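Student: Would you be able to build a 3D model of this:
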Amino acid sequence: MVAGGTGFLGSALVERLQKDRHSVAVLTRRPARSHHLRWNPYGPLTTWAHALEDADAVVNLAGAPINTRWTAAHKRAMWNSRVHVTRSLVAAMTSVRAVPATLVNASAVGIYGPHHDEALTEESGAGSGFLAGLGVAWEKEAVAAAPHARVVLLRTGVVLARERGALPQLALPFRLFAGGPIGSGRQYVSWIHRDDWTAMVVWALMNTAVSGPLNVTAPNPVTNLELARTLGRVLGRPAILPTPAFAVRLALGEMADVVLTGQRVLPEKARSLGFEFQYPQLEPALRAIYA
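Tutor: Numbers count the residues shown, from 1 in each chain. Coordinates of the predicted model:
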């Protein structure tokens with residue numbers, strides 16, 4: 001059962017699970033296919049909780065996007081679509097006769113807060129700021145299922161794919177011959193190819209040794225300057241026009257802190273448990289995306 005299964009990451013995960021011949025149902029407020037089930041996480045549980053009765057595992061990827069200007073209303077939407085929806089989903093899971101054995105719940109590397117170039121693993125503590133506070137509250141709701149199910153917390157970095165997510169926005173200035181680093185360029189970007197993201201989530205679903213926080217990032221994070229130079233090289237464009245920090249703050253407001261600080265996050269748990277990355281290095285990942 002996948003909540004948020006029609007989004008950028010959820011649709012890729014559902015496709016991969018179906019390809020592997022798993023039976024997948026998607027909880028969505030706007031059903032469009034036969035395997036979609038109508039879901040209102042803000043409504044009574046009695047109208048949809050029964051759908052979880054036969055689920056072996058639940059994956060929760062629901063959440064309003066963060067890559068936009070954070071107005072007060074959007075911050076409330078970000079909070080409610082993560083914290084409230086996860087609370088509702090866990091309540092539904094634990095209300096059915098046969099509780100699903102596994103909950104894989106979205107989270108984000110933003111929980112660590114800004115740490116400059118410090119290497120961060122799953123053992124690192126939560127940081128400060130709005131995103132870190134949101135991450136703590138979000139994970140707390142998911143962990144409430146732990147007495148009944150194995151819980152995995154997907155601390156996802158910047159997921160790279162050609163058509164959706166952050167990469168098209170990053171690539172646009174380069175296509176216009178106006179690309180370059182953002183701010184100082186020294187801030188780290190913890191990235192992952194979407195195929196590796198999908199593979200790691202499937203691996204976490206199937207591997208009962210995986211539980212708790214899981215950094216879903218490539219093993220080689222790069223600085224924003226390295227990202228700009230590599231993206232320019234792959235696209236055949238210069239990477240010499242920096243975007244000053246004040247311009248980013250004018251455009252994005254509070255959300256600019258995410259772009260201008262970043263985290264250097266390492267997938268220590270995945271590596272120690274034997275997960276193998278298809279794209280551990282940035283340039284081969286980008287060349288595969290733009291092939």
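Student: rest of the way, CA atoms for contacts and neighbours
Tutor: Noted.
Student: Compute the first-to-last residue distance for stretch 154-164.
Tutor: 19 Å (C-alpha to C-alpha, to the nearest Å).
Student: Please apply the same query to stretch 219-230.
Tutor: Span of stretch 219-230 from end to end, C-alpha to C-alpha: 17 Å.
Student: Please list the residues outside it that contact it.
Tutor: Residues outside stretch 219-230 that contact it (C-alpha atoms under 8 Å, 6 or more residues apart in numbering) are 179-182, 185-191, 238-239, 264-267, 280-283.
Student: Try it again at 7 Å.
Tutor: Here stretch 219-230 makes contact (C-alpha atoms under 7 Å, 6 or more residues apart in numbering) with 180-182, 185-191, 239, 264-267, 280-281, 283.
Student: Name only those of those that count as buried.
Tutor: The neighbour count (16 or more other C-alpha atoms under 10 Å) marks 180-182, 185-191, 239, 264-267, 280-281, 283 as buried among the contacts of stretch 219-230.
Student: just so I have it, where are all the helices in the stretch 151-291 of the chain?
Tutor: 167-175, 194-206, 224-235, 245-252, 256-261, 268-272, 282-289 (DSSP state H, counting those that start in this stretch).
Student: quick one, what contacts Val143?
Tutor: Contacts of Val143 (C-alpha under 7 Å, 6+ apart): Val151.
Student: That one and Trp197, how far apart?
Tutor: In terms of C-alpha to C-alpha, Val143 sits 21 Å off from Trp197.
Student: Then Val24?
Tutor: 18 Å.
Student: Tell me which of the two has more neighbours.
Tutor: Trp197 (25 against 18; other C-alpha atoms under 10 Å).
Student: surely the more buried one meets Val216?
Tutor: Yes. At 6.4 Å, Trp197 and Val216 qualify as touching, with contact defined as C-alpha atoms under 7 Å.
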